[in-house]
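# this one's sequence-less:
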Ligand code: HEC
C-alpha cells in the first residue's frame, strides 16, 4: 500500500511538472508559428504602442497614423490568443483588453475624438500590458 501511494505521489509530481513546463513554454512561443512572444512584443506590440503614444501626444494629430498603430495592436491582441499561446484566464483577459481598447482608439479616431482616443489608450496599457506582464513576464 505504502509503495502504491509512493508511486502515485511520484506520478502526480511528474504530471504536474510536465504541465507547468508546457504552460511556461506556451508563454514564450506558440505551437507551430515561427514568431516567439518576444518577437511579437518587440516587433509588433511595443513598437506600435510607442508610436501610438507619440501620435496621441502630438500637437498636430494625424489620424491615419493613429488608426494604423491601433489596428496593428488590435491584430496583436488576436495573435496573442492564436496558436495555443494562451496559458490561462489572466492572459486571455489582457489579450482581449488589447483587442477592445485598440478598437476603441480606432472608433474614437472616426469621430476626431482626441480625448476618447487618449482615454482608451490609457485603459489599453493598464488592462493589457500591465496585467499580462504582472502575471506572465519573467522578472529581470
Ligand atoms: C497577453 C500577454 C501580454 C500582453 C497583453 C502584453 N505582453 Fe508584453 N510580454 C509578454 C510576455 C510573456 C513577455 C516575455 C516574453 C519572453 O521573455 O519570452 C513580454 C515581454 C515584453 C517586452 C520585453 C521584450 C524583450 O525584449 O524582452 C516588451 C517591451 C513588452 N512585452 C511590451 C508590451 C507592451 C507595450 C504591451 C501593451 C501594449 C504588452 N507588452 C502587452 C506578454 C504580454
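Structure's in. What do you need? None of these values were measured; they are calculated from a predicted model.

# what does this structure have sitting close to the ligand?
27-28, 37-38, 41-42, 45-46, 49, 80, 91, 94-95, 98, 128-129, 132-133, 136-138 (Cβ under 6 Å from any ligand atom). Quick note: C-beta positions are derived from backbone N, CA and C, even for glycine.

# can you do 5 Å?
27-28, 37-38, 41, 45-46, 49, 80, 91, 94-95, 98, 128-129, 132, 136-137 (Cβ under 5 Å from any ligand atom).

# Quick check: ChimeraX command selecting the buried ones in those.
A single ChimeraX command selects the buried members of these (16 or more other Cβ atoms under 10 Å):
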select :27,37,41,45,49,80,91,94,95,98,128,129,132,136
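
# I'd like to know which of the residues of the chain next to the ligand are part of strands.
Counting by DSSP state E, none of the members of those fall within strands.

# Pull the number of nearby residues for residue 1.
5 (other Cβ atoms under 10 Å).

# so what's it scoring on pLDDT?
Per-residue confidence at residue 1 stands at 72 (pLDDT).

# What distance do you get for it to residue 7?
Here the criterion is Cβ to Cβ, to the nearest Å. By it, residue 1 lies 11 Å from residue 7.

# Surely residue 70 and residue 52 touch.
Yes: if you go by Cβ atoms under 8 Å, residue 70 and residue 52 touch, sitting 6.0 Å apart.

# Need the overlap of contacts for the two.
residue 105 (Cβ atoms under 8 Å, 6 or more residues apart in numbering).

# and those two? which has more neighbours close in?
Legend: neighbour count by other Cβ under 10 Å for residue 70 and residue 52, higher for residue 70 (29 against 24).

# List the contacts of residue 78.
95, 99.

# where does it sit relative to residue 99, distance-wise?
6 Å.

# and the most centrally placed residue in the chain, what pLDDT?
Nearest to the centroid of the C-alpha atoms of the chain, with distances taken as Cα atoms, centre = their mean, sits residue 95, at 4.4 Å. You'll see residue 95 listed with a pLDDT of 98.
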